[in-house]
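Q: build me a model from this:
(one chain, ligands or ions: 1)
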Amino acid sequence: EEAGAARPFRQRLLVVANRLPVSAVRRGEGSWSLDISAGGLVSALLGVKEFEARWIGWAGVNVPDEIGQKALTKALAEKRCIPVFLDEEIVHQYYNGYCNNILWPLFHYLGLPQEDRLATTRSFQSQFAAYKKANQMFADVVNAHYEEGDVVWCHDYHLMYLPECLKKYNTKMKVGWFLHTPFPSSEIHRTLPSRYELLRSVLAADLVGFHTYDYARHFVSACTRILGLEGTPEGVEDQGKLTRVAAFPIGIDSDRFIRALELPQVQEHIKELKERFSGRKVMLGVDRLDMIKGIPQKLLAFEKFLEENPYWRDKVVLLQIAVPTRTDVPECTFLSFSYQKLTSQVHEIVGRINGRFGTLTAVPIHHLDCSLDFHALCALYAVTDVALVTSLRDGMNLVSYEFVACQEAKKGALILSEFAGAAQSLGAGAILVNPWNITEVAASIGQALNMPAEEREKRHCHNFHHVTEHTAQEWAETFVSELNDTVVEAQLRTSK
Ligand code: G6P
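A: Numbering: from 1, shown residues only. So this is what the prediction gives:
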């Protein structure tokens with residue numbers, strides 16, 4: 001920027017999410033090192049030049065001492081991040097408990113865990129109280145940093161109680177809330193003991209956004225059926241106050257992936273992988289090790305495919321990257337899913353399949369319990385022939401988008417769960433499957449591996465066009481500009 005040049009005015013955007021886009025590691029009493037994590041939301045907002053974004057969230061670490069808190073706050077300020085400090089007990093009850101043991105499974109249609117009256121950690125009431133308390137702590141930090149004219153954008157199921165807390169501080173604050181998971185059918189939502197309070201609080205926002213039209217519709221019907229309010233084409237109306245509800249499908253920063261493929265180190269990596277797997281078709285799965293991702297079901301479908309297709313046994317390899325996640329979330333006895341059981345369940349299936357179909361020189365599945373760095377991931381996407389995204393439910397699933405962005409050379413096939421939000425946008429180019437139907441997924445693997453080049457190309461082009469046209473940046477800009485508009489509309493309505 002030229003010295004003395006007038007800087008154009010940029011509206012301040014306060015992005016509030018449970019997790020900050022950096023992870024902090026303590027180096028000493030008063031010193032921290034920070035790692036930027038370039039998740040979907042971060043890259044979406046990095047590309048948005050119209051706003052000056054600041055982040056408010058939890059740094060993912062317990063910092064009980066004041067010296068540590070001060071030092072971390074200072075280090076984070078350089079990255080435009082503002083921390084919310086949550087103590088261990090709150091994290092346990094709010095994050096492990098209410099967020100990830102109750103809301104997460106429920107919103108993905110896995111149901112509620114059984115309430116355990118003997119253990120307070122399992123009580124809905126005490127977990128909900130901690131959830132509200134944590135949301136209030138986020139609200140206090142937002143309020144302390146808020147300046148007139150700022151837009152506040154709250155993210156995800158962790159912060160459903162936040163819009164109400166914020167509006168209690170200041171009715172004029174522009175507040176948007178966006179859900180990154182599915183919003184389930186109202187019949188599912190109504191089983192939640194705190195169903196009224198959460199809906200009421202979300203409705204305090206000016207704009208409420210979801211990835212798909214279906215999720216938005218489910219939310220509106222939850223408000224009409226559970227709260228008895230009126231649903232309109234614009235959203236939900238309560239005594240003359242309208243909360244706008246709409247779909248804003250997120251995208252990725254596709255250029256970042258496309259550019260990465262040209263880097264010499266990525267090219268080198270691609271070459272190595274091609275040599276390593278030469279003579280075999282590469283199938284790829286990249287998921288957090290979460291029950292919603294349907295990893296065991298995917299492995300069983302692959303096993304069935306190998307069982308029924310001896311020809312392919314030494315000609316295909318499945319690379320499954322399973323990133324460990326939320327390992328402290330307690331196991332629920334009632335649901336048949338748990339983060340803790342999942343790892344051993346997956347390892348057992350992988351072991352069995354490799355034992356059955358492996359040879360002295362090759363195994364059909366390479367399973368990794370870790371995350372890959374960005375460049376290694378791009379290289380892997382680029383050499384893949386068939387990507388397998390078989391989530392049982394998924395808000396959007398950006399792995400499918402990232403794969404498509406890296407496939408201009410190969411034009412590989414994408415097998416995609418019809419229960420991922422991405423099925424609505426990439427459905428025409430992907431092979432859509434019901435992930436619960438192992439026979440169907442096994443057949444789709446055969447279809448993908450045998451697909452004529454012309455058909456693959458046509459399907460890929462369709463999806464590539466979508467992924468490069470509907471970017472994360474466009475998503476963020478659309479949401480924030482609609483949020484600004486809702487406030488103007490509300491002012492017009494009240495001045496009438
Ligand atoms: C999902 C959620 C995000 C969350 C991410 C990782 O994508 O929608 O809000 O940050 O999972 O989970 P974690 O619990 O590690 O933040």
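Q: quick check: chain neighbours aside, which residue is closest to residue 366?
A: Excluding the flanking residues, the one nearest residue 366 by CB to CB, 6 or more residues apart in numbering is residue 319, at 4.9 Å. Quick note: C-beta positions are derived from backbone N, CA and C, even for glycine.
Q: what about that neighbour, helix or strand, and which?
A: Residue 319 is located in strand 316-323, with elements delineated by DSSP states H and E.
Q: what about that strand, near the ligand?
A: No. Using CB under 6 Å from any ligand atom, strand 316-323 stays clear of the ligand, coming no nearer than 9.2 Å.
Q: can you check what angle separates the following helix or strand past that strand from strand 316-323?
A: Next in sequence after strand 316-323, counting helices and strands by DSSP H and E, comes helix 339-357. Per axes from the mean of the first three to the mean of the last three CA atoms, to 10 degrees, the angle that helix 339-357 makes with strand 316-323 is 160 degrees.
Q: now helix 339-357, how far from the chain's geometric center?
A: 25 Å (CA atoms, centre = their mean, to the nearest Å).
Q: in it, what counts as buried?
A: 339, 342-343, 345-346, 349-350, 353-354, 357 (16 or more other CB atoms under 10 Å).
Q: go on, stretch 245-252?
A: In stretch 245-252, counting by 16+ other CB under 10 Å, buried: 245-246, 248-252.
Q: for the stretch 201-350 of the chain, which spans come out with low pLDDT?
A: Scanning the stretch 201-350 of the chain for pLDDT under 70 picks out the ranges 333-336.
Q: tell me where it has strands.
A: 207-210, 230-232, 235-238, 241-247, 281-288, 316-323 (DSSP state E, counting those that start in this stretch).
Q: winner for burial among the ones you listed?
A: Most buried of the strands of the stretch 201-350 of the chain by mean neighbour count (mean count of other CB atoms under 10 Å) is strand 207-210; its value is a mean of 26.
Q: each with direction, which strands does that strand pair with?
A: strand 174-178 (parallel), strand 241-247 (parallel) (DSSP bridges).
Q: want to try TSV for those strands, with distance to the ligand as columns?
A: What follows is these, written out as TSV (distance: least, CB to the nearest ligand atom, whole Å):
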stretch	distance to the ligand
strand 174-178	10
strand 241-247	16
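Q: can you list those strands in a markdown table and add distance to residue 425?
A: Listed next are these as a markdown table, based on distance: least, CB to CB, whole Å:
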| stretch | distance to residue 425 |
| --- | --- |
| strand 174-178 | 17 |
| strand 241-247 | 11 |
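Q: residue 300 is nearest to which of those strands?
A: If you check each of the strands paired with strand 207-210 against residue 300 by CB to CB, strand 241-247 wins as the nearest, at 32.9 Å.
Q: so how far is that closest one from its chain's centroid?
A: For strand 241-247, the separation from the chain centroid amounts to 22 Å (computed by CA atoms, centre = their mean).
Q: surely residue 177 is in contact with residue 199?
A: No. Using CB atoms under 8 Å, residue 177 makes no contact with residue 199, being 11.6 Å away.
Q: okay, those two: which has more neighbours?
A: Set residue 177 next to residue 199 and count neighbours by other CB atoms under 10 Å: residue 177 wins out with 27 against 21.
Q: ok, that one - contacts?
A: For residue 177, the contact set (CB atoms under 8 Å, 6 or more residues apart in numbering) comprises 153-155, 159-160, 162-163, 202, 205, 207-209.
Q: nearest to the ligand, out of the residues you listed: which one, please.
A: Proximity of the contacts of residue 177 to the ligand, judged by CB to the nearest ligand atom, is greatest for residue 155, which lies at 6.8 Å.
Q: okay, now that closest one: neighbour count?
A: Neighbour tally, residue 155, other CB under 10 Å: 20.
Q: show me the beta-bridge partners of it.
A: With DSSP bridges applied, residue 155 shows beta-bridge pairing to residue 178.
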